[in-house]
Structure formats: structure tokens, C-alpha cells
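Novice: coords please:
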Amino acid sequence: MSVVGLPDAAVNQSKEHVRAANSNSGFLAPYDKRVTINLAPTDVRKTGPGFDLPIPIGLRAATGQITSEHLEGTPWSVSSPWTAVPMCYVLLTSA
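Specialist: Below is the predicted model:
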């Protein structure tokens with residue numbers, strides 16, 4: 001798993017938090033895929049643990065383990081009116 005979009009050390013630690021959460025929650029990690037996490041906006045440095053939740057949500061949405069219906073009414077909904085929420089885009093490619 002790689003994180004792009006100007007992450008700092010704390011955001012890079014989110015990778016380890018996601019791995020631990022996946023192993024403890026019953027959600028499946030895409031071990032047969034290469035995962036790239038793109039944090040937006042890309043021109044602003046990301047600091048702190050604010051991506052510990054958006055990264056696994058994006059990962060689960062990208063793998064089909066949660067659907068857009070699960071996200072309705074949350075800051076991570078596609079139609080969310082909140083603009084200050086950290087955004088996370090997940091790209092899955094063949095390993």
C-alpha cells in the first residue's frame with residue numbers, strides 16, 4: 001500500500017493502522033492487488049491522524065465491501081455538503 005498526496009509521517013502511519021484494523025475487523029484486504037491511496041487536495045500537506053478513518057473507508061468502498069448506500073448521510077458520501085472533510089481516493093491495480 002502506498003500513500004500519495006503530500007502525507008506527513010503521521011499520515012504514513014495510517015497504513016499500519018489500516019492493516020491492524022483490517023485484521024481485527026473481519027474486512028478483507030486486497031492482498032492480490034497493489035493499493036495506491038491518493039489524498040486530496042494534493043497541493044496541501046496532510047498532517048495528523050485525520051486519515052485513519054477515510055483510508056479504510058475508501059479501501060472498503062474500492063473493494064466493494066461497503067456501498068455508496070452505506071455512506072449516505074456521512075461526510076464521505078459522494079453528495080456530501082461538507083467540503084473540509086479529508087478525502088481519500090483508492091486505486092487498485094494488479095500486483
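Novice: list the buried residues for the longest helix along the chain?
Specialist: Identified as the longest helix of the chain according to DSSP state H is helix 9-25. Buried residues in helix 9-25, counted by 16 or more other Cβ atoms under 10 Å: 11, 14-15, 18, 21-22. Every residue, glycine included, has its C-beta placed from N, CA and C.
Novice: any idea how far that helix is from the middle of the chain?
Specialist: Helix 9-25 sits 10 Å away from the centroid of its parent chain (Cα atoms, centre = their mean, to the nearest Å).
Novice: what residue lies at the spatial centre of the chain?
Specialist: residue 55 (1.7 Å; Cα atoms, centre = their mean).
Novice: and the next helix or strand past the helix or strand that one falls within?
Specialist: Assigned by DSSP states H and E, residue 55 belongs to helix 54-62. Per DSSP H and E, helix 54-62 leads on to helix 68-71 as the next helix or strand towards the C-terminus.
Novice: turn the buried residues of helix 9-25 into TSV, including distance to residue 34.
Specialist: Putting the buried residues of helix 9-25 into TSV (distance: Cβ to Cβ, whole Å) gives the following:
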residue	distance to residue 34
11	19
14	17
15	13
18	15
21	20
22	16
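Novice: for this protein, give me the ranges with low pLDDT.
Specialist: 75-89, 91-92, 94-95 (pLDDT under 70).
Novice: swap in 80 and give it another go.
Specialist: 6-7, 12, 28-31, 40-45, 48, 50-51, 68, 71-95 (pLDDT under 80).
Novice: could you tell me whether residue 3 really is in a strand?
Specialist: Yes: assessed by DSSP: H, G, I helix; E, B strand; the rest coil, residue 3 belongs to a strand.
Novice: residues near residue 58, how many?
Specialist: 23 (other Cβ atoms under 10 Å).
Novice: hmm, residue 39 and it touching each other?
Specialist: No: contact criterion Cβ atoms under 8 Å: residue 58 and residue 39 do not qualify, at 9.6 Å.
Novice: ok so, going back, who touches the residue nearest to the centre of the chain in this structure?
Specialist: 3, 14-15, 17-18, 37, 88 (Cβ atoms under 8 Å, 6 or more residues apart in numbering).
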